[in-house]
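Asks: sequence and predicted model, in that order:
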Amino acid sequence: MERPSLEINLPDAHEEGKLYVVDSLNNLNKLNVCPDESQHVLDEEENTGSTGENTSGSNIRNHCLFFVVFILTLIVSLALVSFVIFLIIQTRNKMDQISSRLISEKKNIEELKKMNNMILKHLNRSGTKE
């Protein structure tokens, strides 16, 4: 996989023109050698003039930010779950109170029915005697 070497003869070009040509050849070589994703990384490094320290610092910052957001999400989730459990317990207590009231009212209604039957029996006996 040999590549032909590019030779450019620029006898009348100024220093600035030579630098432009060399920079263009370097960019062309990067396009041929590097895939698109790594070219983007190389361009960023070239623009910032860094040697990887800036990107590692931003990676650490991104990891810390992710960790803080993750912890905050866990705390909010825990608070919401605790609130839901509290509501479930309160609802159960209210349901227990209501069911106990219903049971006591049912007993009262049964007692009233018994008393009503006794009164009706007494009235029926009194009415037949007369």
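Replies: Great, that's in hand. Residues are numbered from 1 along each chain as shown.
Asks: mean confidence for the helix or strand that contains Ala79?
Replies: Assessed by DSSP states H and E, Ala79 sits inside helix 53-129. Throughout helix 53-129, pLDDT has a mean value of 91.
Asks: please tell me how far Ile75 sits from Asp23.
Replies: 51 Å (Cβ to Cβ, to the nearest Å). The C-beta positions use only the backbone N, C-alpha and C, and glycine is treated the same way.
Asks: against which helices or strands is the helix holding Ala79 packed?
Replies: Here helix 53-129 touches helix 36-48, going by 3 or more Cβ pairs under 8 Å, 6 or more residues apart in numbering; DSSP states H and E.
Asks: what about the helix it packs on, average pLDDT?
Replies: 55.
Asks: what residues are up against Asn124?
Replies: Contacts for Asn124 were tallied using Cβ atoms under 8 Å, 6 or more residues apart in numbering; there are none.
Asks: can you tell me how far it is from Lys30?
Replies: 112 Å.
Asks: go on, Gln90?
Replies: For Gln90 relative to Lys30 (Cβ to Cβ), the value is 66 Å.
Asks: between these two, which is the more surrounded one?
Replies: Between Gln90 and Lys30, counted using other Cβ atoms under 10 Å, Lys30 has the larger neighbour count: 14 against 10.
Asks: and the average pLDDT for the one helix or strand that one maps to is what?
Replies: Element membership of Lys30, judged by DSSP H and E, is helix 15-33. For helix 15-33, mean pLDDT rounds to 68.
Asks: how many other residues sit next to Asn27?
Replies: 14.
Asks: cool, Leu78 as well?
Replies: 10.
Asks: so how far is Phe66 from it?
Replies: 19 Å.
Asks: then Leu102?
Replies: 53 Å.
Asks: got it, and Arg101?
Replies: 53 Å.
Asks: Leu87 too?
Replies: 32 Å.
Asks: can you give me the neighbour number for Asn59?
Replies: Using other Cβ under 10 Å: Asn59 sits among 11 other residues.
Asks: report the contact partners of it.
Replies: Asn59 touches nothing, counting by Cβ under 8 Å, 6+ apart.
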